[in-house]
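In: give the three-dimensional model of this entry:
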Amino acid sequence: MIRKAFTVFLVVAVVFALGACGKKNQEESGATQEPAKPAVVPGEMVLIPAGEFIFGTDTKDSIAYPQQKINLPAFWIDKYEVTNSQFLDFAIKTSYVGEGAKEGKDWRLFFTPDKGLFPVVYITWNDATAYCKSVGKRLPTEEEWEKAARGPNGNTYPWGNQWIDNRSNTFEYGVSKPVAVGQMDDVSFYGAHDMFGNVQEWTSSLFNMYKGNPKKNPQAGQQLRAVRGLSAIYRGKLGHLWDRSAYPANALYDFGCRCAKDATPEDVAKAAPQAK
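Out: All right, here's what the predicted structure looks like:
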């Protein structure tokens with residue numbers, strides 16, 4: 001019995017010593033484990049505070065000219081693009097049939113069980129609007145989308161003003177198709193993911209030339225909707241967060257969406273830093 005107890009004690013002592021040695025070696029080498037990325041929670045939102053932001057660009061030949069400062073009230077915007085699983089849940093609960101189904105070309109063709117966390121694509125503007133309404137939200141305006149993406153300093157890219165390879169799912173990343181939301185380091189100042197790459201996103205805004213732009217709108221009167229962001233087939237190095245596109249509401253391409261909603265005074269008060 002004494003010998004058995006001694007043996008157990010010896011084993012425990014050796015294990016403890018090895019653990020301590022490993023910890024010491026790790027500390028001496030300076031090796032640390034990278035923190036794990038937080039779990040993706042589809043439908044989670046980030047609060048965008050009230051105030052001015054830089055909108056558009058001072059490049060005169062751009063359809064996003066002129067650059068201006070716009071003051072917006074506080075609002076919420078989805079942290080991630082709407083996923084296939086979210087849209088499937090909506091379609092099942094409401095018996096919703098996407099507009100593209102009439103042409104045999106809609107989001108279902110791009111959805112497989114392993115792509116639940118991929119952004120839904122091939123939805124029309126009406127599909128996107130219907131989804132957001134079903135969850136008590138709405139599509140963001142162009143202005144809201146751009147503020148959430150560019151942050152308070154008017155960034156060119158979500159992370160700053162210098163291009164960095166492989167931070168966003170654009171052509172340079174090399175996959176040429178959407179990836180799961182939240183996978184890339186394409187994160188804005190306010191914490192919104194994938195606003196530069198992955199898929200282009202519908203906004204609620206009609207496409208018009210900005211006030212002060214001397215150019216005539218070549219698509220005036222066509223009731224086109226503004227689409228923002230880039231997809232995996234566009235060269236990110238050549239793009240900017242102020243870039244905008246115009247498409248008819250029934251367009252079926254690799255367009256997805258994220259939702260927004262107004263922030264209440266209570267929301268803003270809860271988010272405000274508390275005095276110590």
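In: for the closest residue to Lys60 other than its chain neighbours, list the residues it contacts.
Out: What sits nearest to Lys60 in space, not counting adjacent residues and going by C-beta to C-beta, 6 or more residues apart in numbering, is Pro66, at 7.9 Å. Just so you know, the C-beta spots here come from the backbone N, C-alpha and C atoms, and that holds for glycine as well. Contacts for Pro66 were tallied using C-beta atoms under 8 Å, 6 or more residues apart in numbering; they are Gly56, Thr57, Asp58, Lys60, Tyr210, Gly212, Asn213.
In: filter these to the buried ones?
Out: Burial by neighbour count, judged by 16 or more other C-beta atoms under 10 Å, picks out Gly56, Thr57, Tyr210, Asn213 from those.
In: the second one and Gly229, how far apart?
Out: Okay, so that is Thr57. In this view, Thr57 and Gly229 are 16 Å apart by C-beta to C-beta, to the nearest Å.
In: flag the shaky bits of the protein, pLDDT-wise.
Out: Counting by pLDDT under 70, the chain shows low-confidence ranges at 1-36, 218-221, 273-276.
In: quick one: the helices in it?
Out: 2-29, 84-94, 125-134, 142-150, 265-271 (DSSP state H).
In: picking that back up, export the buried ones among the contacts of Pro66 to JSON lines and tack on distance to Tyr173?
Out: Output for the buried ones among the contacts of Pro66, formatted as JSON lines (distance: C-beta to C-beta, whole Å):
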{"residue": "Gly56", "distance to Tyr173": "27"}
{"residue": "Thr57", "distance to Tyr173": "24"}
{"residue": "Tyr210", "distance to Tyr173": "31"}
{"residue": "Asn213", "distance to Tyr173": "32"}
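In: among the residues you listed, which one sits closest to Met184?
Out: For these, the residue nearest Met184 by C-beta to C-beta is Thr57; the value is 24.0 Å.
In: residues near Trp163, how many?
Out: 16 (other C-beta atoms under 10 Å).
In: what about Lys261, how many residues nearby?
Out: Using other C-beta under 10 Å: Lys261 sits among 17 other residues.
In: ok, now the one 3 residues further on?
Out: Burial of Thr264 is recorded as 11 neighbouring residues (other C-beta under 10 Å).
In: how close does it sit to Lys69?
Out: 25 Å.
In: likewise Gly154?
Out: 9 Å.
In: neighbour count: these two, which is higher?
Out: Here Gly154 and Lys69 are compared on neighbour count by other C-beta under 10 Å; more neighbours surround Gly154, at 18 against 11.
In: ok, the more buried one - contacts?
Out: Here Gly154 is in contact with Phe53, Ile54 (C-beta under 8 Å, 6+ apart).
In: measure it to Leu72 for me?
Out: Per C-beta to C-beta, Gly154 is found 14 Å from Leu72.
In: give me the common contacts of the two.
Out: Both Gly154 and Leu72 are in contact with Phe53, where contact means C-beta under 8 Å, 6+ apart.
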